[in-house]
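K.L.:
predicted model and sequence below, questions to follow.
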Amino acid sequence: MLVGRVEKALARVPGVRTATVNLATESAAVELSGRVPAASLADAVERTTLPPEPDDDAVNAFLVSAYRRAWGWRER
């Protein structure tokens, strides 16, 4: 689940003791053991929740295929 992945990612940030995420309120409670830059926490969440970058070759092949189907072109 997304909540578990985000909690684990936050917990791996150096200086974080615990992290609890509430998806309904779109918030997280983080207990720290020292100073932790907010950017480190934000980066951990972004890396966990953003989809992976598409493979350009796969995207291009899909678009070419879709274009050809839309116009009735066939591979020869």
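P.N.:
Cool, got the structure.
K.L.:
so what's N22 up against?
P.N.:
Contacts for N22 were tallied using CB atoms under 8 Å, 6 or more residues apart in numbering; they are 3, 28-29. Every residue, glycine included, has its C-beta placed from N, CA and C.
K.L.:
which of those residues lies closest to D57?
P.N.:
Set against D57, the nearest of the contacts of N22 by CB to CB is V3 (33.5 Å).
K.L.:
what's the closest non-adjacent residue to the closest one?
P.N.:
Closest residue to V3 apart from its sequence neighbours, by CB to CB, 6 or more residues apart in numbering: V21 at 4.8 Å.
K.L.:
which SS class is that neighbour?
P.N.:
Under DSSP: H, G, I helix; E, B strand; the rest coil, V21 falls in the strand class.
K.L.:
tally of neighbours for it?
P.N.:
Residues near V21, counting by other CB atoms under 10 Å, number 22.
K.L.:
got it, and D43?
P.N.:
Neighbour count for D43, taken as other CB under 10 Å: 13.
K.L.:
so that it lines up with my notes, have the first residue be 300 from now on.
P.N.:
Sure, I'll start counting at 300 from here, so that last one is D342.
K.L.:
that one sits in which helix or strand?
P.N.:
helix 337-348 (DSSP states H and E).
K.L.:
which other helices and strands contact that helix?
P.N.:
Applying 3 or more CB pairs under 8 Å, 6 or more residues apart in numbering; DSSP states H and E, one finds that helix 337-348 contacts helix 301-310, strand 326-331.
K.L.:
ranking these by burial, who's on top?
P.N.:
Greatest average neighbour count among the helices and strands packed on helix 337-348 goes to helix 301-310 (a mean of 16), per mean count of other CB atoms under 10 Å.
K.L.:
that helix: how far from the chain's middle?
P.N.:
Centroid displacement of helix 301-310 relative to its chain, using CA atoms, centre = their mean, to the nearest Å, is 11 Å.
K.L.:
ok, now stretch 339-349?
P.N.:
Relative to its chain's centre, stretch 339-349 lies at 7 Å (CA atoms, centre = their mean).
K.L.:
not counting its neighbours along the chain, what's nearest P313?
P.N.:
Using CB to CB, 6+ apart, the nearest residue to P313 is V335, at 7.3 Å.
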